[in-house]
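Just need the structure, nothing else, for what follows:
(one chain, ligands or ions: 1)
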Amino acid sequence: MIHLNHLTVTIDGQRLLDDICYQQRNSGIIGIMGPNGAGKSTLIKSMLGFLKHQGTACYQHKEMKQCRQYCSYIPQRSSIDVTFPITVEAVVRSGAYREKNDVNLEHQLEQFQLTDLKNRMLDTLSGGQLQRVLFARALMAEREVYFLDEPFVGIDYKSTDIIKDMLFKLKNDGKTVFIVHHDIESARTLFDEILLLNKKLILTGGPEILTDTNLKTVYFPEEERR
Ligand SMILES: Nc1ncnc2c1ncn2[C@@H]1O[C@H](COP(=O)(O)OP(=O)(O)OP(=O)(O)O)[C@@H](O)[C@H]1O
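Sure thing, here's the model as predicted:
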């Protein structure tokens, strides 16, 4: 379980995350939601120790920086350099930890319906196909906690469906998945828990916290002050 204790991120004098305290209660699919610029990606990166921060982010009572072997991070698709000359199969294989595991490789390609695409270069894939490749790669290492940054943005129904199926499989296997997400309606059925963030952690709870009043507080804080 993940525990954040007064997690604060300041870059160039600008406070990007302010005193985040959070205790994960159950495994499952956990949404990180809030307006553009709320610090959602920053939260994931600082939890994983990629960004300098104050306070602590712990997994099973140990600093997460020391627990990377249990975690997998899938950044926003737009941050991936698809011009790098590499095949789908090679990317998925590269997720394996240490030894070559061809059985798992074939399994992951099949689960994500990528077998027919395995010899394709990354720059020939659609957004949804690329997202499936990144997720398949992450699953090669069989981690406990997954962090996905906006995996559903700009992808079609088929890829959405495949990715959701895989998320539910992970949940049933007792894993934890944190997902940065924007769509309120799909969040109601996808997430077991939601963190509503706007630099500060405004509220956490089940999908029932997605009320109009709470959403206004998070997305239109300036109106509250009027
Ligand atoms: N390395 C950095 N240096 C300076 N400012 C940064 C840095 N990274 C992020 N920021 C700023 O921090 C704020 C939060 O960024 P972040 O990407 O975490 O937001 P987000 O909630 O994920 O946004 P979006 O929904 O638009 O993806 C933004 O104002 C962004 O410009």
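
element containing the residue positioned nearest the centre of the chain?
By CA atoms, centre = their mean, the chain has its centre lying nearest to L148, at 1.8 Å. Using DSSP states H and E, L148 falls within strand 145-149.

my guess is P221 contacts L197, does it?
No - with contacts defined as CB atoms under 8 Å, P221 does not count as touching L197, sitting 11.7 Å away. C-betas here are computed from N, CA, C, even on glycine.

Mutual contacts of those two, please.
Counting by CB atoms under 8 Å, 6 or more residues apart in numbering, P221 and L197 have no shared contacts at all.

So which of these two has more stuff around it?
More crowded of P221 and L197, by other CB atoms under 10 Å: L197, with 24 against 14.

Isn't that one up against K40?
Yes - counting by CB under 8 Å, K40 is a contact partner of L197 at 5.9 Å.

intersection of neighbour lists for those two?
Common contacts of L197 and K40 (CB under 8 Å, 6+ apart): I32, M33, G34.

Dump those into TSV; add distance to the ligand as well.
As requested, the shared contacts of L197 and K40 are exported to TSV (distance: CB to the nearest ligand atom, whole Å):
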residue	distance to the ligand
I32	8
M33	9
G34	6
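
Narrow these to those in strands?
Per DSSP state E, strands hold the following members of the shared contacts of L197 and K40: I32, M33.

and A57, what helix or strand is that in?
A57 belongs to strand 54-59 when assigned by DSSP H and E.

that older thread, okay, buried residues for the strand holding L148 please.
Buried residues in strand 145-149, counted by 16 or more other CB atoms under 10 Å: V145, Y146, F147, L148, D149.

what's the helix or strand following it packed up against?
Moving toward the C-terminus from strand 145-149, the first helix or strand encountered (DSSP H and E) is helix 157-172. Under the contact criterion of 3 or more CB pairs under 8 Å, 6 or more residues apart in numbering; DSSP states H and E, helix 157-172 touches strand 28-33, helix 127-139, strand 176-180.

Tell me which residues of helix 157-172 come out buried.
Neighbour counts over helix 157-172 (16+ other CB under 10 Å) mark S159, I162, I163, K164, M166, L167, L170, K171 as buried.
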